[in-house]
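Q: need the 3D shape of this:
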Amino acid sequence: MAKTLMNAKSVSHTNPLLSEYQSLFSTLHAINTPRPLRLVAWLLFVVLVLVGVALYLTPWVQTSAGSGLVTALDPRDRQQEIHALVGGRIQEWYVRDGSAVQAGDRIVKIVDNDPLLLERLEAERAALTRKLESARIATQTAELDDQRRQALFDQGLVSRREREDARIRWESLKAQQAQAEADLQRVIVNLSRQSIQEVIAPRDGTILRLASGDKATVIKEGETLATFIPSDIQRAVEVYIDGRDIPLVQAGRKVRLQFEGWPAVQFSGWPSTAIGTFGGEVLVVDQSAQADGRFRVVVVEDPSDKPWPDDHFIRLGAKVKAWVLLDTVRLGYELWRRLNNFPPNFNQRPGTAVANTKTAKHVGVGP
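A: Predicted coordinates for the structure are as follows:
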């Protein structure tokens with residue numbers, strides 16, 4: 001209706017014939033745009049302009065989010081199993097679940113099912129020792145006989161066959177001596193292994209759980225006895241990142257971490273305003289993806305940030321969320337990228353992670 005009124009007014013100015021009929025359209029002259037509507041239109045226009053300016057001027061740190069677990073950086077510091085060195089029967093446990101042990105502490109004592117096995121091995125070793133000594137004497141005698149036959153053969157006093165028989169007998173006795181030595185070493189090894197019937201802790205740590213029973217339990221050689229975790233380890237975090245963002249995740253990138261059970265408030269685009277998060281640094285990025293298409297990223301503690309919580313609070317295997325800090329862009333670009341499901345900017349060359357981190361700190365949104 002307002003448009004019709006404007007058209008009528010414009011026509012009246014151009015066509016004088018209609019001006020004398022304008023008095024007949026009093027209702028049309030009374031129709032105007034309501035002031036509240038014009039005010040709302042102006043407010044919407046101002047809001048759109050302000051939003052556009054904010055989207056263009058507001059900096060935003062691109063992040064690649066992932067989740068993972070707390071682990072140990074050194075494989076020797078990770079959870080490990082303690083195995084039985086010999087087969088037999090458990091005689092006594094010296095620890096229980098949760099026991100703290102030091103290097104060399106006894107864990108369990110194992111005895112053989114045959115109580116007279118050690119005595120028989122000792123007797124066999126003594127017999128083989130005497131056999132070896134006899135073989136050595138016989139070998140030495142055969143060597144002297146071979147040398148004497150050689151001298152007589154050179155003088156033409158014995159035949160070639162007698163000289164060769166002496167050499168064959170000497171070589172045969174040397175083979176018997178070598179076999180006796182091997183038999184004796186085998187018994188010594190068995191005796192040594194059966195004598196090591198106490199399993200000890202390899203280093204300082206904690207016994208997580210015992211895998212075997214009590215005195216009625218028969219175990220085999222190499223069977224798992226207990227699960228052990230060392231102490232004084234260097235913790236790390238294994239997180240898994242989407243493959244779209246992995247080209248920009250390189251060693252040296254800064255990371256914000258939120259540990260499970262630790263109260264935190266995280267803002268993805270402004271990590272400096274986060275509360276309860278901790279700093280990390282990318283150490284290793286896998287060159288091959290996992291079965292689900294994500295890539296494993298190893299994160300260690302950032303020495304320039306506040307230290308991680310004590311291992312009493314953040315233990316191995318605890319879940320963690322991570323935000324790898326990427327480039328600093330405008331908020332409008334980031335919204336456009338996310339709406340279109342595009343990856344981050346690929347114009348960055350490898351090795352510029354530190355430069356981007358400094359840029360993020362310069363605009364006041366870095367860790």
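
Q: next, the buried residues of stretch 252-260.
A: By 16 or more other Cβ atoms under 10 Å, the buried positions in stretch 252-260 come out as 253-259. Where you see a C-beta, it was placed from the backbone N, CA and C, and this is true even at glycine.

Q: all helices of the protein, in order?
A: Using DSSP state H, the helices of the chain run over residues 2-14, 26-30, 35-57, 117-154, 160-195, 331-339, 353-362.

Q: follow-up on the earlier one: out of the buried residues of stretch 252-260, which comes closest to Leu85?
A: Lowest distance from Leu85 to these (Cβ to Cβ) belongs to Phe259, with 38.4 Å.

Q: Leu44: neighbour count?
A: 10 (other Cβ atoms under 10 Å).

Q: phi, psi for the spatially closest residue to His83 that is not a sequence neighbour please.
A: In space, His83 comes closest to Gly222 once its chain neighbours are excluded; the distance is 5.3 Å by Cβ to Cβ, 6 or more residues apart in numbering. Dihedral pair for Gly222: phi 90, psi 0, per degrees, to the nearest 10.

Q: how far away is Gly222 from Glu81?
A: Separation of Gly222 from Glu81 (Cβ to Cβ, to the nearest Å) stands at 10 Å.

Q: same question, Gln287
A: For Gln287 relative to Glu81 (Cβ to Cβ), the value is 29 Å.

Q: the more surrounded of the two?
A: Neighbour totals were compared for Gln287 and Glu81, and Glu81 leads with 12 against 7 (other Cβ under 10 Å).

Q: quick one: residues contacting that one.
A: Each residue near Glu81 by Cβ atoms under 8 Å, 6 or more residues apart in numbering is listed here: 211, 224-228.

Q: of all the helices of the chain, which one is nearest Val239?
A: helix 353-362 (16.0 Å).

Q: which residue ranges form the strands in the stretch 201-350 of the chain?
A: 205-210, 218-219, 224-230, 235-241, 254-259, 278-285, 295-301, 319-330 (DSSP state E, counting those that start in this stretch).

Q: tell me which of these is the most buried.
A: strand 254-259 (a mean of 24; mean count of other Cβ atoms under 10 Å).

Q: that one to strand 235-241, inter-axis angle?
A: Counting by axes from the mean of the first three to the mean of the last three Cα atoms, to 10 degrees, strand 254-259 lies at 100 degrees to strand 235-241.

Q: strand 254-259 pairs with which strands, parallel or anti?
A: Its sheet considered, strand 254-259 pairs with strand 278-285 (antiparallel), strand 319-330 (antiparallel) by DSSP bridges.

Q: dump the residue contacts of Phe278.
A: Phe278 neighbours (Cβ under 8 Å, 6+ apart): 256-259, 301-302, 305-309.

Q: contacts only, for Leu132.
A: 177, 180-181, 184.

Q: run a quick neighbour tally on Trp60.
A: 21.

Q: ok, it touching Asp327?
A: No - taking Cβ atoms under 8 Å as the definition, Trp60 is not a contact partner of Asp327, at 9.4 Å.

Q: which segments of this protein make up each domain?
A: 2-56, 60-76+233-362, 79-112+197-230, 117-195 (automatic domain parsing).

Q: with mean pLDDT as added columns, please give these in JSON lines.
A: Formatted as JSON lines, the domains of the chain follow (pLDDT from 0 to 100):
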{"stretch": "domain 2-56", "mean pLDDT": "67"}
{"stretch": "domain 60-76+233-362", "mean pLDDT": "76"}
{"stretch": "domain 79-112+197-230", "mean pLDDT": "82"}
{"stretch": "domain 117-195", "mean pLDDT": "77"}
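
Q: just to revisit the earlier point, could you dump the strands paired with strand 254-259 into a markdown table with distance to Val47 added?
A: Putting those into a markdown table (distance: least, Cβ to Cβ, whole Å) gives the following:
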| stretch | distance to Val47 |
| --- | --- |
| strand 278-285 | 37 |
| strand 319-330 | 19 |
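
Q: can you turn the buried part of the contacts of Leu132 into a ChimeraX selection?
A: Selection of buried members from these for ChimeraX, criterion 16+ other Cβ under 10 Å:
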select :177,180,184
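
Q: between the contacts of Leu132, which is nearest Tyr94?
A: Distances from Tyr94 to the contacts of Leu132, taken by Cβ to Cβ, are shortest for Leu184, at 33.8 Å.

Q: skipping adjacent residues, who's closest to the closest one in space?
A: That would be Leu128: by Cβ to Cβ, 6+ apart, it lies 4.3 Å from Leu184.

Q: bridged to the residue most central in space within the chain, which residues?
A: Centroid-nearest residue in the chain: Glu238, 4.6 Å away (criterion: Cα atoms, centre = their mean). With DSSP bridges applied, Glu238 shows beta-bridge pairing to Leu69, Val298.

Q: picking up where we left off before, nearest to Arg244, out of the helices of the chain?
A: Nearest of the helices of the chain (Cβ to Cβ): helix 331-339, 10.6 Å.

Q: just give me how far that closest one sits from the chain centre.
A: 32 Å (Cα atoms, centre = their mean, to the nearest Å).
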